[in-house]
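Participant: predicted model and sequence below, questions to follow.
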2 protein chains.
Amino acid sequence: MHSLLGNLKLQIPEKLFVKDPDSSDLGKRILTHSIILIESLGFENFTFKKLGLEIGSPESTIYRYFENKHKLLLYLTSWYWGWLEYKVVFATANVELAQRQLENAICAICETVKQDQNFSHINEELLQRIVISESSKAFLTKEIEQENKDGFFKSYKNLVERIVIIIRTLNPNYPHPKTLASTLLETNHMQKFFGSHLPSITDIGKDDEQVISYFKTMTLSMINYGK
Amino acid sequence: MHSLLGNLKLQIPEKLFVKDPDSSDLGKRILTHSIILIESLGFENFTFKKLGLEIGSPESTIYRYFENKHKLLLYLTSWYWGWLEYKVVFATANVELAQRQLENAICAICETVKQDQNFSHINEELLQRIVISESSKAFLTKEIEQENKDGFFKSYKNLVERIVIIIRTLNPNYPHPKTLASTLLETNHMQKFFGSHLPSITDIGKDDEQVISYFKTMTLSMINYGK
DNA sequence: GCATTTGTAATAGTAAAACTATTACTTTTG
DNA sequence: CAAAAGTAATAGTTTTACTATTACAAATGC
């Protein structure tokens, strides 16, 4: 995808930040370097102190933008899901055949990211690795119900809804479109993680084509099963 | 399942503990109460200090059994996967038809646990809830490669292998048996978690029958697709 | 039978992480 | 150009995760 859309800005739930990091240079530096640091250290080992050191500011400054590192992770994952929804919309626009739409959506979801020039301070390639390894930690908490009420998972739910619409077009009687859509998103990441770190429990290697063909078979065989 | 098997002891990777918690009363109390506490507080809020308070021992005593809370979580999840493998083996024993074996395995995997009397100091019902909400945190770390070498994920891999064998019996040419098996295990938990906490992204409610029928359709339609 | 070793647990720490209060400086705006 | 608002640095506190040391009890050896 080229930078046709210029300065596109993604909508992120307001309560996720104290001050919008997209509104200042320092905020953008925080985003850029938090992605680099979380990807390299892992979320557990990542601290605001280390981030402050990286950008040459004290940790207290980072607290001006994000209440804690959990909300920063929620911000980054929300950004990713919003960006992926935009990719899916783009990949399915002007496509007549619903089956073709689904195939294109699967490709958009599963393809390993290369730098997207539309958002220059966000490295989407690194961000995708973070989402694969860390995003589930953002919702597997005791606070999920409250955070859901606060709209923290809106981006994810929007993306699921997009895929559900395509599935419903293909077969309005298929009973589990939401389960299939959320499974698609989660399984894609999980299998990529296993492929990289626990290869003995997956058949999928580093190549995107394998996951894509697995999901095309899965979705189509399930949606049309007993139709 | 009744207590036909008496004092069955599950094999847990040795390096996961400093002293075998199954070898003393105190060790068993640590297991019992860590399950209760992790389930009620969530893994992030769980500390050895709180556990010590619960069992009336100082936290240092718990370090005699487990190096840190991460290894305790790995111990508990290993125990769970070992126990589930034993349930799967039990459910598929003496079943002739491979398709029937797979169906029984799916039921054993997906059914919500009620207390199993074979292991009196472990509350399997609570432990299953822990595995649903917390188990992925045990492998989504930067240390996964080393921990895999140390055998920490042996129980999980054994269980995947059991399911793979059944799938291969059904269709030796199916190209993704491992992916299907690990997806089955992970998706089961994920969909149950979504059903409880983010119901808008799943069609599955609190009833086990729905997940079970989803998986039976999924596995059978995929395994036989284009056969 | 008593000394030695081994097992077990309590006290009292340390280091780092997570987060906050206060102050100072800088920019905006009425 | 003064008041208000925005921004960042210093210097904290509290909590968590983990450790070193000591004390006591049980088992073992000669």
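Facilitator: It's in.
Participant: tell me which element the closest residue in space to A:Gln115 that isn't next to it in sequence is part of?
Facilitator: Leaving aside its sequence neighbours, A:Gln115 sits nearest to A:Glu125 (CB to CB, 6 or more residues apart in numbering or on different chains; 5.7 Å). No exception for glycine: its C-beta is placed from N, CA and C like everyone else's. A:Glu125 belongs to helix A:124-139 when assigned by DSSP states H and E.
Participant: check whether that helix contacts DNA strand C.
Facilitator: No. Using CB under 7 Å from any atom of the strand, helix A:124-139 stays clear of DNA strand C, with a minimum separation of 11.8 Å.
Participant: tell me the pLDDT at the nearest residue to A:Pro13 once chain neighbours are set aside?
Facilitator: Once flanking residues are discounted, A:Pro13 sits nearest to A:Gly151: 4.6 Å by CB to CB, 6+ apart. For A:Gly151, the pLDDT comes out at 92.
Participant: A:Met1 too?
Facilitator: On the pLDDT scale, A:Met1 is placed at 45.
Participant: please apply the same query to A:Leu10.
Facilitator: So, for A:Leu10, pLDDT stands at 81.
Participant: how many other residues sit next to it?
Facilitator: 17 (other CB atoms under 10 Å in any protein chain shown).
Participant: name the SS class of it, please.
Facilitator: Following DSSP: H, G, I helix; E, B strand; the rest coil, we place A:Leu10 in the coil state.
Participant: residues touching the residue nearest to A:Gln115, list them.
Facilitator: Residues in contact with A:Glu125 (CB atoms under 8 Å, 6 or more residues apart in numbering or on different chains) are A:112-115.
Participant: tell me the pLDDT of it.
Facilitator: Note for A:Glu125: predicted pLDDT of 93.
Participant: returning to what we had before: quick one: which of the contacts of A:Glu125 has the most company?
Facilitator: A:Val113 (17 neighbours).
Participant: so that residue touches A:Ile130, yeah?
Facilitator: No. Under the criterion of CB atoms under 8 Å, A:Val113 makes no contact with A:Ile130, lying 11.2 Å away.
Participant: spell out the residue ranges of the helices in chain A.
Facilitator: Under the criterion DSSP state H, helices of chain A are mapped to A:25-41, A:48-55, A:59-63, A:69-92, A:98-110, A:124-139, A:144-149, A:154-170, A:177-197, A:208-224.
Participant: with distance to DNA strand D added, can I get those helices in TSV?
Facilitator: Shown next, in TSV, are the helices of chain A (distance: least, CB to the nearest atom of the strand, whole Å):
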stretch	distance to DNA strand D
helix A:25-41	4
helix A:48-55	8
helix A:59-63	3
helix A:69-92	14
helix A:98-110	34
helix A:124-139	14
helix A:144-149	19
helix A:154-170	24
helix A:177-197	21
helix A:208-224	34
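Participant: the ones you listed into TSV, with extra columns for distance to B:Phe66?
Facilitator: Formatted as TSV, these follow (distance: least, CB to CB, whole Å):
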stretch	distance to B:Phe66
helix A:25-41	24
helix A:48-55	27
helix A:59-63	31
helix A:69-92	25
helix A:98-110	38
helix A:124-139	21
helix A:144-149	27
helix A:154-170	34
helix A:177-197	23
helix A:208-224	36
